[in-house]
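*Asks:* build me a model:
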Amino acid sequence: MNPKKSVIRCPECGSKKTKYIDDQVFSCLSCSASFYVETNQTTVNHKHTYNATPKPAPVSSQAKKTILVCLGVFALLFLFFIFMIKPGDNPEHGLGPITNDKAKYTFDVADSKAFIDQSKNPKLFITGSIQSSDYQNNKYKNQNYWAVYDVVKGAYEQIAPVDNNANGSIGINRLKSYKLDDGNIYTIAGETMLFKYDLITKSMQLLNSEIIGNVKELQSGIASIVKTSHNFSAFEIRSNSDKRVTYYPISKLYNTDNFDYTIKNHSYPNDKPTVFFYPTANQPSFLVRYTANYSVGYPFCFNPSIDSEFDENENFKSASFSNYWVTASRLIDMQALNTSNKVYDMTLLDFRDGIVAVAVKTSNVATEKLMIQWQDYDGKLLWSSPSDVTYLYDYSGTISKEHGLLVGSDDKYYFYDNQGTLVKELELEELSFDLD
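*Replies:* Model prediction:
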């Protein structure tokens, strides 16, 4: 889950499923190509073919006779078993009938996000291309797909192509997804298209026409889309005529300078005081509970910079928002929780239904593995469990009070039950499915 990890890709088919052979030589497990990788490479751009195959040593005539006798014995035993076993025999009690299983497919993951569905079940939204053990006959290659995986059931419930008309201009695996505050998943494809996965309709919708229709500055078309900084539920969009706006797709509000806009006080429809959480920025880290004016989909900063102050004995003294964050996060009041417990590198994973999920370290050592914790809204520890990772992203988890916590990023996730027991490790690129 380290964002800096190196990736070896096959130059023939693009698969990340490769095997180290010897002396910087790799073999692709998808299409069987062999290729050479320089030590400082993370992506393979060239292929080396090996033509010099060593000749086997000559076999003596006596050895040949021995081999033929052994082969004959094995052939007779094989025929004996074939005739003895009737079609339909239970495989648990011997060899069963020979069948041709359907081809198994897996995802070459571009991006993924954990989310909670309408029934509060933890699920994964996954984008990427489809790989097959039979690369040459994979009729789904060279297309982008999206999928929803049910973590509790352990099965995919939806798999569909990203807008086929757009696939050519997206490029394979050029997809990046974000979970916004309406709970839906928004995906930037090819840097010029914005899709929305709607949790209610369970469908993927292209938003470009809607955006252009709502924003006069984008009438020349969309040249690029990137996510805004500071976790606003918005995207920075540049037009073909180089005009720039910050667009909030939930409320359809937009501005031409998000910093200048959010440094000023505003009121929005359905504003109400709402409880939020975020850790302090410096070390050691403390969890801060704060109340803010909030309306879903309108300008609001979800990861404010919160400074903490310490006395001469390095005991916690106070925490505070700077002037900009007071306005951008629409702060009403705040309180640092459980300040007697010193932890480090605190990461906020999720909060809902009276539970806050965080990842922490007990020291300021970068290589220390994170502890995953559940706390209540007053900072009381409910459980703490070890993890196998040293880094997680903010908001990379999702809480289900009934089922537990799903947390991770990229192509690996961990599922803890609501008592803190790790019940599943999910390698997304190893989760197989049938499409035929």
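*Asks:* can we go C-alpha only for contacts and neighbour counts from here?
*Replies:* OK.
*Asks:* which residues sit in contact with residue 149?
*Replies:* By C-alpha atoms under 8 Å, 6 or more residues apart in numbering, residue 149 lies in contact with 123, 124, 125, 126, 155, 156, 157, 158.
*Asks:* where does it sit, in terms of helix or strand?
*Replies:* Here residue 149 sits within strand 145-150, counting by DSSP states H and E.
*Asks:* which of the contacts of residue 149 count as buried?
*Replies:* By the neighbour-count criterion of 16 or more other C-alpha atoms under 10 Å, those include these buried positions: 123, 124, 125, 126, 156.
*Asks:* can you redo those as a markdown table with pLDDT, secondary structure and distance to residue 359?
*Replies:* As requested, the buried ones among the contacts of residue 149 are exported to a markdown table (pLDDT from 0 to 100; DSSP: H, G, I helix; E, B strand; the rest coil; distance: C-alpha to C-alpha, whole Å):
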| residue | pLDDT | secondary structure | distance to residue 359 |
| --- | --- | --- | --- |
| 123 | 98 | strand | 20 |
| 124 | 98 | strand | 20 |
| 125 | 98 | strand | 22 |
| 126 | 97 | strand | 23 |
| 156 | 96 | strand | 28 |
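*Asks:* how is this protein partitioned into domains?
*Replies:* What automatic domain parsing lists as the domains of the chain is 7-54, 62-93, 272-428.
*Asks:* of the ones you listed, flag the one that's most buried.
*Replies:* A comparison of those by mean neighbour count, using mean count of other C-alpha atoms under 10 Å, puts domain 272-428 on top with a mean of 18.
*Asks:* shaky segments in this structure?
*Replies:* 1-7, 11, 13-14, 20, 22-24, 30-31, 36-103, 164-169 (pLDDT under 70).
*Asks:* residue closest to the middle of it?
*Replies:* Residue closest to the mean C-alpha point of the chain, counted by C-alpha atoms, centre = their mean, is residue 112 at 2.8 Å.
*Asks:* what's the closest non-adjacent residue to it?
*Replies:* Excluding its sequence neighbours, the residue lying closest to residue 112 (C-alpha to C-alpha, 6 or more residues apart in numbering) is residue 126, at 4.4 Å.
*Asks:* beta partners of the one you found?
*Replies:* When bridges are called by DSSP bridges, residue 126 pairs up with residue 112, residue 147.
*Asks:* just checking, residue 138 touches residue 106?
*Replies:* No: in this structure residue 138 lies outside contact range of residue 106 using C-alpha atoms under 8 Å: 11.2 Å.
*Asks:* just want to know which of these two has more residues nearby.
*Replies:* residue 106 (18 against 14; other C-alpha atoms under 10 Å).
*Asks:* find the nearest non-adjacent residue to that one, please.
*Replies:* Residue 106 sits nearest to residue 432 (C-alpha to C-alpha, 6+ apart), 4.8 Å away.
*Asks:* how close does residue 223 sit to residue 238?
*Replies:* Using C-alpha to C-alpha, to the nearest Å, residue 223 is found at 6 Å from residue 238.
*Asks:* please say which of these two ends up with more neighbours.
*Replies:* residue 238 (20 against 17).
*Asks:* please, which helix or strand holds that one?
*Replies:* strand 235-239.
*Asks:* what packs against that strand?
*Replies:* strand 222-227, strand 244-248 (3 or more C-alpha pairs under 8 Å, 6 or more residues apart in numbering; DSSP states H and E).
*Asks:* buried residues in that strand?
*Replies:* 235, 236, 237, 238, 239.
*Asks:* still on that earlier bit, okay, and the common contacts of residue 138 and residue 106?
*Replies:* Common contacts of residue 138 and residue 106 (C-alpha under 8 Å, 6+ apart): 131, 132.
*Asks:* before we move on, the earlier item: out of the buried residues of strand 235-239, which is nearest to residue 289?
*Replies:* residue 235 (26.7 Å; C-alpha to C-alpha).
*Asks:* who's that closest one bridged to?
*Replies:* Bridge pairing for residue 235 - DSSP bridges - gives residue 227, residue 247.
*Asks:* my read is that it contacts residue 224, right?
*Replies:* No: assessed by C-alpha under 8 Å, residue 235 is found out of contact with residue 224, at 10.0 Å.
*Asks:* next one: phi and psi at residue 129?
*Replies:* Main-chain dihedrals, residue 129, degrees, to the nearest 10: phi -110, psi 170.
*Asks:* residues touching residue 141, list them.
*Replies:* Counting by C-alpha under 8 Å, 6+ apart, residue 141 touches 129, 130, 131.
*Asks:* closest to residue 348 out of those?
*Replies:* residue 129 (30.2 Å).
*Asks:* didn't the closest one look like it was pressed against residue 143?
*Replies:* Yes: counting by C-alpha under 8 Å, residue 129 touches residue 143, with 5.9 Å between them.
*Asks:* please identify which of these two sits among more neighbours.
*Replies:* residue 129 (24 against 19).
*Asks:* quick one: common contacting residues for residue 129 and residue 143?
*Replies:* The contact sets of residue 129 and residue 143 overlap at residue 172 (C-alpha under 8 Å, 6+ apart).
*Asks:* and the helices and strands packed on strand 235-239 as a markdown table, adding distance to residue 425?
*Replies:* Supplementary listing: these in a markdown table, determined by distance: least, C-alpha to C-alpha, whole Å:
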| stretch | distance to residue 425 |
| --- | --- |
| strand 222-227 | 29 |
| strand 244-248 | 35 |
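*Asks:* just say which of these is most tucked in.
*Replies:* Neighbour counts (mean count of other C-alpha under 10 Å) averaged over each of the helices and strands packed on strand 235-239 peak at strand 244-248, with a mean of 22.
*Asks:* so what touches it?
*Replies:* If you take C-alpha under 8 Å, 6+ apart as the criterion, strand 244-248 is touched by 217, 228, 233-238, 253-258, 297-299.
*Asks:* with just CA atoms, put it into CSV.
*Replies:* Listed next in CSV are the C-alpha coordinates belonging to strand 244-248 (Å, rounded to 0.1, in the frame of the first residue of the first chain):
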residue,chain,number,x,y,z
ARG,A,244,-10.4,27.3,-15.2
VAL,A,245,-13.1,26.6,-12.7
THR,A,246,-13.6,24.6,-9.5
TYR,A,247,-16.7,22.5,-9.9
TYR,A,248,-18.8,20.8,-7.2
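*Asks:* can you show me the strands along the stretch 301-436 of the chain?
*Replies:* Applying DSSP state E, counting those that start in this stretch to the stretch 301-436 of the chain gives strands spanning 306-310, 316-321, 331-337, 344-352, 355-361, 371-376, 381-386, 397-400, 404-409, 412-416, 422-427.
*Asks:* what's the closest of these to residue 202?
*Replies:* Nearest to residue 202 among these is strand 397-400; the distance by C-alpha to C-alpha comes to 18.3 Å.
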